[in-house]
Each structure stands twice: as structure tokens, then as C-alpha cells.
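J.: sequence below, structure please.
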Amino acid sequence: MQTITLAALPTHLGFALALAALSAMVVWLVLRLGIMDMPNARSSHVRPTPKGGGLGVVVATLAGLVVQYNVATIARIEDTYFVAVLVGAATIAAVSLADDVFDFSFLWKLAAQVFAALVPMPFGLVLDSVSLPFVGTVPLGPIGWLATLAWIVFLTNAMNFIDGLDGMCAGIAVIAALFLAAIAIANGGAFVYVASLALAAGCAGFLPFNIPRARIFLGDVGSQFIGYLFAVLGIAAAQFDTARVSMFIVPLLLAAPILDVAFTLARRLLNGERLAEAHRGHLYQVLARSGVAPLAVSALYWAMTATAGVAGFRFLALSPPAKLGVAAAAAGLFSLYAAWVAARARRAGITAWSGDAPARR
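T.: Below is the predicted model of the structure:
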């Protein structure tokens, strides 16, 4: 099993701080370019605001991965899979940056995301099996390609959709990535540990520009990159790192944005709304529009993510019934949260969740 000693942790901390500084420097430069995000039907802001700050996250994280690839002797996986992670992450960064500049239509966005998801798969970055409670390891065969594609595209979009309030997406990413790094290294997963640390550092360098009031937004280049990399790291943790970590760890860590997006998609589908149409109907958006301060909403989602992270440490050692219990508890608590948001919306006179005025930020 690969091990990283406590004596190496100060070096890793210095590495992370350097990446955070690099991220902040890139964000500062992008801020000067003034690529503006104009308010639209889905926006939670009312003033044109610079976007593309996620380029700092991309540059810092990819720099960390490149250093890891060229220097690390312990924290690595087979070169084929390592290259798959690098190429895939660079691809989603490139296509989402183009989206920020040219503002693609939904179908073009989706096509670009599918392309980026497919890029690393011929390298072998495919979910070929999954471990299920009471069932054990289930080979996926050819279905693994479809499952991998669906997982990457879904999480890429989920983190993009959750990027609607100051500090929301990047804050969730910092917390989830730090917990993923800790869980990985505690179980001997050195590759995922270092890669997650790089992602957390990149997001941390961006956050001061986005809270308490956004001077610049992540943009698709940041939010899609974050979702994509989490999806890929989930597969790498489960399939390719020396110590295999459950594929369900990343969904558990990101349960808050995943369940918010899943709830919203289901509600809009049942209401006969067009899923590709811009809206302001996510639970976090409705909560902000009901009168809760946007930063407080973001902090609530940070707290949910931290709670999931604490649960993640115990998850791997749990029995199958207990693992199902964790999943059921997460779904149940989120259902109570959704009911609370709905009650606040009614008291605030919000009747059409997708069509009311945006919260200011």
C-alpha cells in the first residue's frame, strides 16, 4: 500500500499554498480582462459582473496534476490513466472556457460536455464494476461506458447548476475536496489525495474574490471543471488508485448539490417544464428568494457538505445495511430540507418557483 508519512505533510501544505497563490494570481488577471456575465432568466445577480474566475482553479489544479505526474513517485496511478485524467480535465476546461466567451446554446454545451467526458475513456478511465450492498462487486461490461458517460456529464452539470450564489460552488468544492483527500490518504489512496489537495487549493485561491460579495464569478470554466474533476477522481479512487475507495464516496460528499439538482430536475419534469430552459427554481435559489441571505444559504450548503464529509470517514467501514442507512438518512434529511424551503416559499408568496424575481447579489 502506498503511504505518505506525517513528515511529508508540511511539504504538501506548502505545495497547496503555492497552488492557491497561483490560482489567486490568475483570477486577478482574469478580473482585469472584464469578461462580463450579463444577468439573465437564471441569474441570481442583477448587475453585470466579470466571469471566468474559474480559470484560476483550472490553472492551479492542472499545474498541481502536472507536478504530480512529473515528480511524484508515490502519489500516482498507471501513466495511461494519469494521462487520461490530465487530458480529460484540460478538455473540459477548454470547452467550458469557450462557452464562457461565446455563450453556447444548451445543445452545444451538452455536446461539448459529452465530448469531454468521452476523451479519457479510450485511455481506460471507465467504471467497469460497482460494489453494491448485499450484492458485492457487479461487473458492468459494456454498460460501464454508458454509466461512466452519464456520471461525468451529470456531475459536470450538477456543479455548474449549483454555481448560483456567492461562494456556493467553490466553497462546497473546497470542503468536499479536503475531505476526499483526507479519506483517500487514510485509506492509502495517494493519487486521489494529492489530486484532491490540488483542486481544494485552486478553489481556495478563488474564494476570496467571490465572498462575501462576488467581484468575479467562477463561470462555466470553473464550475464545469470542478464537477468533471470530482467525477473523474471518483472513478480513479474506485478503480485505479492502489487502495480502492468506494465509488459512492464522491456522491456522498457532494450529496447536497446532487440532491438539489436531482430534486429540481424531477420537479420540473413533473410540472411539464422544459429542462433545457433557464430558470431560478433550484432549492438554494428559492431559499435565497424567500429572504435568507445568499451567503447564509451558501454556508448552509457548506455545512451539509462538511457533515457528509464526517459521515464519509465512517462509510467505508460500515456494514451493507448501515451503508444503506446512511443513504436513506441523507435522502430523508434532504426531503425535510426541501419541505422547509417549500414552506418558506409559500410564506414569501413565491408560487411559481422558476419564474419569480432573482435574489440580488
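J.: in this structure, which ranges drop under the pLDDT threshold?
T.: 1-8, 34-48, 241-245, 355-361 (pLDDT under 70).
J.: tell me where it has strands.
T.: Taking DSSP state E, the strands of the chain run over residues 36-37, 49-50, 129-132, 136-139.
J.: buried stuff in stretch 83-90?
T.: Within stretch 83-90, the residues scored as buried using 16 or more other CB atoms under 10 Å are 84-86, 88-90. The C-beta positions use only the backbone N, C-alpha and C, and glycine is treated the same way.
J.: which of the residues you listed sits closest to Arg346?
T.: In terms of CB to CB, no member of the buried residues of stretch 83-90 lies closer to Arg346 than Ala89, at 42.5 Å.
J.: any idea which of the strands of the chain is most buried?
T.: With neighbours defined as mean count of other CB atoms under 10 Å, the strands of the chain peak in mean count at strand 49-50, which reaches a mean of 19.
J.: partners of that strand in the sheet?
T.: strand 36-37 (antiparallel) (DSSP bridges).
J.: spatially, and excluding backbone neighbours, which residue is closest to Trp145.
T.: Nearest residue to Trp145, sequence neighbours excluded (CB to CB, 6 or more residues apart in numbering): Val126, at 5.9 Å.
J.: my bad, should have said Val57
T.: Per CB to CB, 6+ apart, closest to Val57 is Gly202, 4.0 Å.
J.: separation between that neighbour and Leu259?
T.: Gly202 is 25 Å from Leu259, where distance means CB to CB, to the nearest Å.
J.: quick one: which of those two has more around it?
T.: Gly202 (35 against 21; other CB atoms under 10 Å).
J.: quick one, what contacts that one?
T.: 19-20, 23, 56-61, 64 (CB atoms under 8 Å, 6 or more residues apart in numbering).
J.: again, but for Gly64
T.: Contacts of Gly64 by CB under 8 Å, 6+ apart are 15, 19, 194-195, 197-199, 201-202.
J.: can you check Ala112 too?
T.: Residues near Ala112 by CB under 8 Å, 6+ apart: 95-96, 98-99, 104.
J.: what about 7 Å?
T.: Going by CB atoms under 7 Å, 6 or more residues apart in numbering, Ala112 touches 95, 99, 104.
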